[in-house]
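Novice: How does the following fold in three dimensions:
(one chain, ligands or ions: 2)
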Amino acid sequence: MKLVQILRKATEFRKSASISHNHIFSSRRIHSLAPQSASFGIAFDIDGVILRGNIPIGGSSRALRRLYDDSGNLRVPYVFLTNGGGVPESKRASELTKLLDVNILASQVIQGHSPFKQLVQRFENELVVAVGKGEPALNVLSVEEYASYFENIDPLAQYKNWTRKLTGNHNGPSREMATINDPCSQRVKAVFIVSDSVDWSRDVQVLCDILSTGGLPGREIASQPPLYFANDDLSYQGLFPTERLGMGAFRIALESIFNRIYPNVLKYASYGKPNPSAFRTAENVLMQVVPHGSHPEDGRQRTFKTLYMIGDNPSVDIRGAREAGSPWFSILTRTGVFKGEKNHANHPADLVVDNVEQAVDYILRKEGISS
Ligand code: G3P
Ligand code: MG
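Specialist: Residues are numbered from 1 along each chain as shown. Ligands and ions are numbered 1, 2, ... in the order given. The predicted structure follows:
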């Protein structure tokens, strides 16, 4: 997979360079936020709020443009707080820039797996397996490549005509993994579920093998290596009219099977929303998005009076913002997972609107910022 690549890109977070697209808002301008800038910030969910698949929805491009003044200066700090991922933050920012025609920096993108960068040092030079769609990475083996070292580990592989054939002559892992020569004789030290699994049957099988044997498929039962999920979303809104199964659904499948078969219960940690830490990260990043000119002159750290979370998923975005507490204010849109008329019964938002454009309109009016 792409874990270390993603993680390395993520550590470049604050250094993010300008994006070389010819868009109306230059990166020079995005850093010159008006000195008397807002005492509030916005965190946008992506899937079901800004995009469905790769299609902008709910007037998202227009809504984002309203966060800049006529000269292209950013006047409201904002970030994307998504549980999605599978690409480095810099690439995601570049994709969003193209789709939305607004210049978005890597530092404005927080993905479900962004916190994994904190674990890089702990597992450096160890055999680590990563699961999920996306690009290959350095120093980490994708589950696809890892499985290719173990003949017959996936008894259904021969029927999967659509898959790439990775089996055959191996001269060691294809990634830059100096310390890993033969994955068949080294224990896997950790498993990261970075993005949605593309082959549940293979991945559940191979993960059961790794996690039940202390990291060496085919061996005796041993203690489980750590397992990390980038999020625990049961479902999310893609292009299909009804929600699609997310990483949380995959986790339930793996956990149910593992706990029925093996003596020890599956242990894991999940990141992303609704964990309060995701909202704390967003708040910290929002402070970085604000450039020097708008920081208090006496050197105190800037504080926000209100932080708006605009999301489509009540049990993830709204619950998370509510549990994060002050200064978070939750806004639920009807463009994604939530499709109700009134508020959500179990996780009511502070405000329900039809789409993100209405949400931004509400925020700017409430904060006294004219268009
Ligand atoms: O896989 C994507 C998904 O689980 C949620 O993305 O942007 O709605 O947090 P988002
Ligand atoms: Mg969403």
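Novice: Of all the residues in stretch 55-66, which ones are buried?
Specialist: Of the residues in stretch 55-66, Pro56, Ile57, Gly58, Gly59, Ser60, Ser61, Arg62, Ala63, Leu64, Arg65, Arg66 count as buried by neighbour count, 16 or more other C-beta atoms under 10 Å. In this view, the C-beta of every residue, glycine as well, is placed from N, C-alpha and C.
Novice: pLDDT wise, what is the closest residue to ligand 2 within the chain at?
Specialist: Nearest to ligand 2 in the chain, going by C-beta to the ion, is Gly48, at a distance of 3.7 Å. Gly48 is assigned 97 on the pLDDT scale.
Novice: do Gly41 as well
Specialist: 96.
Novice: How many residues are close by Leu266?
Specialist: Counted with other C-beta atoms under 10 Å, residues neighbouring Leu266 total 18.
Novice: So, low pLDDT: which residues of the stretch 1-150 of the chain?
Specialist: 1-38, 136-138 (pLDDT under 70).
Novice: One more pass at 90, please.
Specialist: Residues of the stretch 1-150 of the chain meeting the criterion pLDDT under 90: 1-38, 68-74, 115, 117-122, 124-125, 134-140.
Novice: residue ranges of the strands in it, please?
Specialist: Counting by DSSP state E, counting those that start in this stretch, the segments of the stretch 1-150 of the chain that form strands are 40-44, 51-52, 55-56, 78-81, 109-110, 128-131, 141-142.
Novice: Export those strands as TSV, with columns for distance to Ile331.
Specialist: Shown next, in TSV, are those (distance: least, C-beta to C-beta, whole Å):
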stretch	distance to Ile331
strand 40-44	9
strand 51-52	17
strand 55-56	18
strand 78-81	13
strand 109-110	18
strand 128-131	32
strand 141-142	37
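Novice: Could you export those as TSV, including distance to ligand 1?
Specialist: Shown next, in TSV, are these (distance: least, C-beta to the nearest ligand atom, whole Å):
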stretch	distance to ligand 1
strand 40-44	9
strand 51-52	8
strand 55-56	13
strand 78-81	7
strand 109-110	10
strand 128-131	13
strand 141-142	18
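Novice: quick one, which of the ones you listed is nearest to Ile193?
Specialist: strand 128-131 (4.8 Å; C-beta to C-beta).
Novice: And the contacts of that closest one?
Specialist: Contacts of strand 128-131 with the rest of the structure, by C-beta atoms under 8 Å, 6 or more residues apart in numbering, involve 1-3, 137, 139-143, 146, 188-195, 197, 203, 207, 210.
Novice: Sheet partners, orientation included, of it?
Specialist: Here strand 128-131 is paired, per DSSP bridges, with strand 141-142 (parallel), strand 190-193 (parallel).
Novice: re earlier: of all the strands of the stretch 1-150 of the chain, which lies closest to Gly214?
Specialist: Nearest to Gly214, of those and by C-beta to C-beta, is strand 128-131 at 13.4 Å.
Novice: Give me the buried positions along the closest one.
Specialist: So strand 128-131, judged by 16+ other C-beta under 10 Å, has buried residues Val128, Val129, Ala130, Val131.
Novice: cool, and stretch 203-220?
Specialist: Those would be 203-217, for stretch 203-220 by 16+ other C-beta under 10 Å.
Novice: Could you list the residues in contact with that stretch?
Specialist: Contacts for stretch 203-220 (C-beta under 8 Å, 6+ apart): 127, 129, 131, 143, 146-147, 150, 153-154, 185-189, 191, 197, 221-225, 227, 250, 253-254, 257-258, 261-262, 266.
Novice: same question, stretch 312-326
Specialist: Contact with stretch 312-326 is made by 45, 47-49, 83, 231, 233-234, 236-237, 273-276, 278-280, 309-311, 328-330, 332-338, 344, 346-349, as judged by C-beta under 8 Å, 6+ apart.
Novice: Which ones, among the residues you listed, also lie beside ligand 1?
Specialist: Asp45, Asp47, Gly48, Asn83, Asn231, Asp233, Tyr236 (C-beta under 6 Å from any ligand atom).
Novice: CSV for these, including neighbour count?
Specialist: Shown next, in CSV, are these (neighbours: other C-beta atoms under 10 Å):
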residue, neighbour count
Asp45, 32
Asp47, 24
Gly48, 26
Asn83, 31
Asn231, 27
Asp233, 29
Tyr236, 27
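Novice: Return the member of those residues nearest to Ser370.
Specialist: Lowest distance from Ser370 to those (C-beta to C-beta) belongs to Asp45, with 25.9 Å.
Novice: Quick one: residues contacting the closest one.
Specialist: Contacts of Asp45 by C-beta under 8 Å, 6+ apart are Phe80, Leu81, Thr82, Lys273, Met309, Ile310, Gly311, Asp312, Asn313, Asp317, Gly336.
Novice: Just the contacts of strand 128-131: which are in helices?
Specialist: Secondary structure defined by DSSP state H assigns Leu3, Val143, Tyr146, Asp203, Leu207, Ile210 of the contacts of strand 128-131 to helices.
Novice: Could you export those residues to CSV, including columns for distance to Asp101?
Specialist: Below are the ones in helices among the contacts of strand 128-131 laid out as CSV (distance: C-beta to C-beta, whole Å):
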residue, distance to Asp101
Leu3, 31
Val143, 36
Tyr146, 40
Asp203, 36
Leu207, 40
Ile210, 43
